[in-house]
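Provided below for reference: sequence and predicted model.
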Amino acid sequence: MKDYLEKAYCMNQTVRIFAACTTNIVKEAQNIFNMWPSSISAFGRVLTISAIMSCTYKNGEFLNIKVDGDGPIGKMTVEATDGKVRGFVQNPGVFLQYNNGKINVADAVGAGTIEVVKDLHLRQPFSSSSEIISGEIADDFTYYFAKSEQIPSSVGLSVNLDKESKVVSAGGFLLQVMPGCKQETIETLEKHLNEMKPISKMIEEGYTPEEIINEVTMGDYTLLEKRELKYECNCSKERFKKGLKSIGKDALTEILNEDKHAHITCNFCKKEYEFSEDELKEMIMEL
Ligand SMILES: [Zn+2]
């Protein structure tokens, strides 16, 4: 099954919900970076909420999301646009456990900040940030939406691993209260969110986005839109060539004289690019 997102309105169009299956995205990230349980659990959740957030705006808008905690994982960076995500983490090899054997994500992330930069193709990119309040990611983004965007929201995210620590399934939801929503609707929803089947169970049981929406909204919803989600890196030799040229003639000449070539690995997909002595000379000529 391909990864996808469903958007729906519920409660008389006063609440909107986005639910996503991101199993392939998170599997791909684990493969690229050879990620250990705490790292992939945290990063998979960030990838999932980023993919969802990229579908809350109109097409083509670009998001850069950084979760920068002081735990061993370090900084997690994700870029997302129109359902396509790519990212990387500082330390993919983190595995912390609680005494009961459960994977510890909160301590692996630590305390710090979430920063979201939105390029909505207006004059200036729009940047907002909030504190990491738990390190569990879902709660941190719930807090981010309330604090930075003034939208009362509920976020549920989960990554499910097998006994060999390989990703089996991943997904989540973002529920947002629209202006004009009645207080009693909010109270009913809050009560239900506390009592319903936890998102970790839904993901473990292989719920589709429609089934997640059905569970979270108590069956009261209208599906609006389906969007494909995927892990995609748009790097190319041409892009890295531009990047190399941007460091300037002197720096490039130094690379040419010292190393006779340039070897670049893409942070987002680990693809490797090689620039030969002749290619470097040509780039210096072009400058
Ligand atoms: Zn790449």
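Ah, there it is.

The nearest residue to residue 182 once chain neighbours are set aside - how many residues pack around it?
Distance criterion C-beta to C-beta, 6 or more residues apart in numbering; nearest residue to residue 182, sequence neighbours excluded, is residue 14 at 7.0 Å. Where you see a C-beta, it was placed from the backbone N, CA and C, and this is true even at glycine. A count of nearby residues for residue 14, using other C-beta atoms under 10 Å, gives 15.

and residue 14, what is it in contact with?
Neighbouring residues of residue 14 by C-beta atoms under 8 Å, 6 or more residues apart in numbering: 177-178, 180-182, 185.

ranges for the helices of the stretch 1-150 of the chain?
For the stretch 1-150 of the chain, the helices defined by DSSP state H, counting those that start in this stretch cover 23-33, 37-54, 106-109, 138-148.

now the residue of the stretch 51-200 of the chain at minimum distance from the ion, nearest residue through space, not along the chain?
Residue nearest to the ion within the stretch 51-200 of the chain: residue 86 (7.0 Å; C-beta to the ion). Closest residue in space to residue 86, ignoring its immediate chain neighbours: residue 268 at 4.2 Å, by C-beta to C-beta, 6+ apart.

Go ahead and confirm the one you found touches residue 88.
Yes. Taking C-beta atoms under 8 Å as the definition, residue 268 is a contact partner of residue 88 at 5.8 Å.

And residue 270, its phi and psi?
Per-residue torsions, residue 270: phi 70, psi 10 (degrees, to the nearest 10).

Residue 47 and residue 20 touch, don't they?
No. Applying C-beta under 8 Å as the test, residue 47 and residue 20 come out as separate, 10.1 Å apart.

that older thread, dump the contacts of residue 14 to TSV, plus pLDDT.
TSV is the format used below for the contacts of residue 14 (pLDDT from 0 to 100):
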residue	pLDDT
177	95
178	93
180	89
181	92
182	93
185	93
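
In helices, which of those appear?
Mapping those onto helices (DSSP state H) picks out residue 185.

top of the contacts of residue 14 by neighbour count?
Most neighbours among those, by other C-beta under 10 Å: residue 177, with 19 neighbours.

Beta-bridge partners for it, please?
With DSSP bridges as the criterion, the beta-bridge partners of residue 177 are residue 15.

Is it correct that it is in contact with residue 146?
No. Residue 177 lies out of contact with residue 146 (C-beta under 8 Å); the separation is 10.1 Å.

got any residues that touch both of those two?
Shared contacts of residue 177 and residue 146, defined by C-beta under 8 Å, 6+ apart, comprise 152-153.

Could you give the bridge partners of the residue of the stretch 51-200 of the chain closest to the ion?
Beta bridges link residue 86 to residue 79 when assigned by DSSP bridges.
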